[in-house]
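# Using only what follows, build the 3D model:
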Amino acid sequence: CVIAISILHSWTTLLPYFAADRYYYYYNSGLQQQYVLYGQDSLKADPVVLLDPNTLSDDGTVALRDAEFSDNGGLVAYSLSSGGSDWSTIKVLSVGPSGTAVQHDDLLEHVKFSTIAWTHDHKGFFYNRYAPPQKSDLGTETDANTNQLLCYHVVGQPQSSDVVVLADPDHALWMFGAEVTDDGQYLLISVSEGCQPQNRLYYLDLNRVPKAQDTQALDFSKFDFEKGQGKLPLVKLIDNFDASWDYVANDGQDFTFKTNLAAPRYRVVRVNLSSAGDPSSWPDVIPQHPKDLLQSAVALQGDELVVRHLRDVKGALARHKLSTGELVQEFDLPGIGSVGGFSGNRKSKEFFFSFTSFVEPGSTYRFDLAAASPQPELFRATQLKVPHNPADYEVKQVFVPSKDGTKVPMFITHKKGLQLDGSNPTLLYGYGGFNISLEPGFSASRLAWLAGYNGVYAQANLRGGGEYGIEWRNAGSKENKQNVFDDFHACAEYLYQAGYCCPGKLIIQGGSNGGLLVAACINQRPDLFCCGMAQVGVMDMLRFHKFTIGHAWITDYGDPDKADDFKWIYPYSPLHNVRVPQEGSQQYPALILATGDHDDRVVPLHSLKLISELQYQLARAAADSSKQRNPLLIRVEVRAGHGAGKPTAKIIAETADLIGFAAQCVGAKWQAADVAAGGDGHAKANL
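Down below sits the predicted model:
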């Protein structure tokens, strides 16, 4: 397929970060199956491979999920997943004198949805696991993930010796995130239930935990939930699900948190643990902005706090004083885009951030706040090995009135000089859920669409997402879920009215919750679209909560086992609302579903059941009487899951299949033959 050999061959580097006396970063030369973790003594030193997951499997399906360094930088606990499953194993290595890895024998299994948090004695770390699943082929089971455990592992000891620090059988759906404060004194435990932006917050003074005589590691044995006799001296600082609480920094008992308590767009507050009182009384360090969403606040060395905002779905970055919240400096960013990553900590005044847009492949900037007049310094830019000039493209943002009058942001990207005559192949992408913000960002497959097919790419910021905070999220969740579909329909109609395309030229795409979006919208308005691409979608809304981690989505969708919730869930459930259209061509648009056989996040039965129902309802009649002529297909990838850790070759194959399918449906013709091949006609580049 020409798409798969045409557009992008680039090297991609993720943000450098500092651990003790070395810098580390992830790098992919462009066609490696997985990113490689490198280290270097300085930013100008030769990099050394620390961990290369490409050596761990022949097909590239073993992925590095996480790597956390001990406070002294000498040890790394890293997690690996296989075949796309959410299950992972944790291993440990030492960083040798030359920066290379020295592997340990530690092996922790049955890890899932886990944090890794080292204690500052460098002797152990906290992590999460579940009871062993009943099936040996991890990722193919559908059993619900309940009763997560928070454990402590001492390096060099077998997993059977690990202590269960926290469990709560009375609340089987609760999950526990662990974090050790910057000074190493406190363990913070974030308790969540579901995916709503709310959590309880507990803390433990680690000085109250005795040490083992033989190893001098923290000894939690007397507090072991399963075998111990003592009660863990946890303090429940926040013991309700009224708001979210994220640790920013602490100086002794003075703690700084980011929260949405009485602040749907978030604020930064401060409290002294010795006299906490009611959280509503905790004073603001940075109050809620009148319009912008506060995304993150990172404390650096000294009195430095770097704050990231989302301003009408565009990134903004500023420097504040940690002590008072006073604004010190607004950083200029290079256009419409997003701050896609940030790295920095309290041990340094140096930090890095990445900036990307729909047409800029991405750049990493370095700041040194110790400089007299700190300004962003371009550290590294992603380079494309194909002709590409961002100035050839136009990116604009429009605000589309939805069914109820709500203005929905949408970005539209295309080549300059586009004729608005309704004839342009157009791809509309959406998500609309789980408080997730769809920000501007570069994508190789979208560049293929823009450059190769002279297409239009539109990205809708639907309600249910996090673009404007909790109120925007709530307006597209539970009983308000229909708003999300109405928003998407409105965006499609805007593209027609503005002359970008017509129904015969419009493709819609989404993944996971966005797969639900695509399927539901096609059920409700088959006349609006020519083609749909629904990837790893939640399609059976009456049983989603019964499989793996599906119970966590009740906070967004509601509980179909409850009569009141059933009333709003059933009318949009894709599986239960397939009907032969009674008007127009009396057929569905072309539709392709995509899933992975090891997807244990949104298990493949969702897509398998929906494609069966589609083909049964729409194409069961005799060939000469069925009106359905548009294809209804499913693509099932093997040794692949929900998306994380998918090897490059599988990403290329899936992307080529989906875009090729969509282009065929809307009659788009490939226009970039000069990019696709060299003088000998062989492939020059890849997605």
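# any idea which residue sits dead centre in the chain?
Centroid check for the chain by CA atoms, centre = their mean gives I436 as the closest residue, at 8.0 Å.
# from memory that one sits against G465, does it?
Yes - under the criterion of CB atoms under 8 Å, I436 lies in contact with G465, with a separation of 5.5 Å. Where you see a C-beta, it was placed from the backbone N, CA and C, and this is true even at glycine.
# show me the contacts for the residue nearest to the centre of the chain.
Residues counted as contacts of I436 (CB atoms under 8 Å, 6 or more residues apart in numbering) are 465-466, 513.
# switch to 7 Å and redo it
By CB atoms under 7 Å, 6 or more residues apart in numbering, I436 lies in contact with 465-466.
# and it, which of the three is it?
coil (DSSP: H, G, I helix; E, B strand; the rest coil).
# List the contacts of G139.
83-85, 87, 598, 600, 641.
# about what we covered before: how much space between the residue nearest to the centre of the chain and G514?
9 Å (CB to CB, to the nearest Å).
# okay, how far is it across stretch 525-541, tip to tip?
19 Å (CA to CA, to the nearest Å).
# now swap in stretch 499-509 and tell me
20 Å.
# that older thread, which one of the contacts of G139 is nearest A20?
Checking the contacts of G139 against A20 by CB to CB gives W87 as the nearest, at 30.4 Å.
# Would you mark the buried spots in stretch 485-503?
Within stretch 485-503, the residues that qualify as buried are 485-492, 494-496, 500-503, counting by 16 or more other CB atoms under 10 Å.
# Which members of those residues occur in helices, if any?
Using DSSP state H, the subset of these located in helices is 485-492, 494-496.
# As JSON lines, the residues you listed with distance to K415 and pLDDT would be great.
Shown next, in JSON lines, are those (distance: CB to CB, whole Å; pLDDT from 0 to 100):
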{"residue": "F485", "distance to K415": "30", "pLDDT": "98"}
{"residue": "D486", "distance to K415": "30", "pLDDT": "98"}
{"residue": "D487", "distance to K415": "27", "pLDDT": "98"}
{"residue": "F488", "distance to K415": "24", "pLDDT": "98"}
{"residue": "H489", "distance to K415": "26", "pLDDT": "98"}
{"residue": "A490", "distance to K415": "25", "pLDDT": "98"}
{"residue": "C491", "distance to K415": "20", "pLDDT": "98"}
{"residue": "A492", "distance to K415": "21", "pLDDT": "98"}
{"residue": "Y494", "distance to K415": "20", "pLDDT": "98"}
{"residue": "L495", "distance to K415": "16", "pLDDT": "98"}
{"residue": "Y496", "distance to K415": "20", "pLDDT": "98"}
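# Go through those residues and name the one nearest P283.
Nearest to P283 among these, with distances taken as CB to CB, is D487, at 37.1 Å.
# Point out the other helices and strands that the particular helix or strand that has V269 in it packs with.
For V269, the element it lies in under DSSP states H and E is strand 267-272. In terms of contacts (3 or more CB pairs under 7 Å, 6 or more residues apart in numbering; DSSP states H and E), strand 267-272 is packed against strand 254-259, strand 284-286.
# Deepest-packed of those, please.
strand 254-259 (a mean of 22; mean count of other CB atoms under 10 Å).
# Would you mind pulling the contact partners of it?
Residues contacting strand 254-259 (CB under 7 Å, 6+ apart): 243-250, 266-273, 285, 294, 297.
# Quick check on those: which are buried?
243-250, 266-271, 285, 294, 297.
# Tell me how far the strand or helix carrying F367 lies from the chain's centre.
Applying DSSP H and E as the criterion places F367 in strand 363-368. In this view, strand 363-368 has its centroid 23 Å away from the chain centroid, taken as CA atoms, centre = their mean, to the nearest Å.
# what comes into contact with the longest strand along the chain?
The single longest strand within the chain, with elements called by DSSP state E, is strand 101-111. Residues outside strand 101-111 that contact it (CB under 7 Å, 6+ apart): 50-51, 79, 88-96, 127-130, 132, 153, 155-156, 159.
# Which positions within it qualify as buried?
Applying 16+ other CB under 10 Å to strand 101-111 flags 101, 106, 108, 110-111 as buried.
# Counting by contacts, list what the next helix or strand after it packs against.
Remark: after strand 101-111, the chain's next helix or strand is strand 117-118, criterion DSSP H and E. Here strand 117-118 touches strand 124-129, strand 175-180, going by 3+ CB pairs under 7 Å, 6+ apart.
# quick one, which of those strands is nearest to N474?
Among the helices and strands packed on strand 117-118, strand 175-180 sits nearest to N474 (CB to CB), with 21.4 Å.
# Mind checking the pLDDT average for the closest one?
Averaged across strand 175-180, the pLDDT comes to 98.
# got the buried residues for it?
175-180.
# Closest one of these to D564?
For the buried residues of strand 175-180, the nearest to D564 is M175 (25.8 Å; CB to CB).
# coming back round to it: would you put the C-alpha positions of the longest strand of the chain in PDB?
Extracted in PDB, the C-alpha atoms of strand 101-111 (Å, rounded to 0.1, in the frame of the first residue of the first chain):
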ATOM      1  CA  ALA A 101      22.500  -1.900  32.800                       C
ATOM      2  CA  VAL A 102      23.300  -4.600  35.300                       C
ATOM      3  CA  GLN A 103      20.300  -6.800  35.600                       C
ATOM      4  CA  HIS A 104      19.000  -8.100  38.900                       C
ATOM      5  CA  ASP A 105      17.000 -11.300  39.500                       C
ATOM      6  CA  ASP A 106      13.900  -9.500  40.900                       C
ATOM      7  CA  LEU A 107      10.700 -10.500  39.000                       C
ATOM      8  CA  LEU A 108       7.300  -9.200  40.100                       C
ATOM      9  CA  GLU A 109       4.300 -10.600  38.300                       C
ATOM     10  CA  HIS A 110       0.500  -9.900  38.000                       C
ATOM     11  CA  VAL A 111       1.100  -6.200  38.000                       C
END
